[in-house]
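> okay, structure incoming, though there's no sequence with it:
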């Protein structure tokens, strides 16, 4: 079966109040010193809910260039977007260039805890690094789980339910429900993945780039 993570909404839940806007360490949700209006926190959150990570990345980078003092939320959403996309190299580069003040922000710290576990392939802890995950963290974990299932489908002919649970963060009693979405066989002890068919890298990349460019132009016209 085809699994396309680029079109699947990551979540429909409303973000918890603690993620509405980040003001820790002097950060605000509006730009200052640039004289230019840019995407708000609400804009970025809604775009991530619609799985438009590339639009968020371009918007955040553009806002960072425009602003004399970049709002904390820009870094928060940029880091989250990189991790949702699975671009751990850019996520790591971004984190390394953040100031100590920004790194101390609670939401940035939570995002990086999960990101670091993903980079280090700590399957045992990636889904438990944050005890009470925010909506952004949930987006990251959902996207990571989908990519992990795709890799399992490509690399395994069978996998034990224990290993599958550890790799995907799915409780063992929820495995049948999750597998029903993919049509994989399960005998109670082992899972037998079906071959995961994906688009060729070239055609997929071209389609995504054209789609994201159109979305980005539309996004800039409305900020």
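Thanks, I have the structure now. Keep in mind it's a predicted model, so treat the numbers as computed, not measured.
> show me where the protein has helices.
41-49, 53-66, 72-85, 88-97, 100-103, 106-119, 135-155, 161-168, 175-180, 201-221 (DSSP state H).
> ok, the residue nearest to residue 176 when sequence neighbours are not counted - contacts?
Once flanking residues are discounted, residue 176 sits nearest to residue 186: 6.1 Å by C-beta to C-beta, 6 or more residues apart in numbering. All C-beta atoms are positioned from the backbone trio N, CA, C, and that covers glycine. For residue 186, the contact set (C-beta atoms under 8 Å, 6 or more residues apart in numbering) comprises 161, 175-176, 179, 192.
> can I get those residues in TSV with neighbour count, distance to residue 55 and pLDDT?
What follows is these, written out as TSV (neighbours: other C-beta atoms under 10 Å; distance: C-beta to C-beta, whole Å; pLDDT from 0 to 100):
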residue	neighbour count	distance to residue 55	pLDDT
161	19	38	95
175	18	34	94
176	13	36	94
179	20	32	91
192	13	38	95
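> relative to residue 149, which of those residues is nearest.
Of all those, residue 149 sits closest to residue 179, with 9.3 Å by C-beta to C-beta.
> wait, that closest one touches residue 191, no?
Yes - assessed by C-beta atoms under 8 Å, residue 179 is found in contact with residue 191 at 6.6 Å.
> neighbours around the residue nearest to residue 86 when sequence neighbours are not counted, how many?
Counting by C-beta to C-beta, 6+ apart, residue 86 lies nearest to residue 147, which is 5.6 Å off, once chain neighbours are set aside. Per other C-beta atoms under 10 Å, the neighbour tally for residue 147 reads 15.
> please tell me how far residue 147 sits from residue 140.
Counting by C-beta to C-beta, to the nearest Å, the separation of residue 147 from residue 140 is 11 Å.
> ok, now residue 46?
17 Å.
> of those two, who's got more company?
residue 140 (30 against 13).
> so how far is residue 66 from the more buried one?
On the measure of C-beta to C-beta, residue 140 and residue 66 end up 26 Å apart.
> show me the contacts for residue 78.
Going by C-beta under 8 Å, 6+ apart, the list of residues near residue 78 reads 56-57, 60-61, 64, 94.
> nearest to residue 170, of those residues?
Using C-beta to C-beta, residue 56 is the member of those that lies nearest residue 170, at 26.7 Å.
> hang on, isn't the closest one packed against residue 74?
No - if you go by C-beta under 8 Å, residue 56 and residue 74 don't touch, sitting 9.9 Å apart.
> restricted to buried residues, select the contacts of residue 78 in PyMOL.
In PyMOL, this line selects whichever of those come out buried by 16 or more other C-beta atoms under 10 Å:
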select buried, resi 56+57+60+64+94
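> export the contacts of residue 78 as JSON lines, with columns for pLDDT.
Converted to JSON lines, the contacts of residue 78 look like this (pLDDT from 0 to 100):
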{"residue": "56", "pLDDT": "96"}
{"residue": "57", "pLDDT": "96"}
{"residue": "60", "pLDDT": "96"}
{"residue": "61", "pLDDT": "95"}
{"residue": "64", "pLDDT": "93"}
{"residue": "94", "pLDDT": "97"}
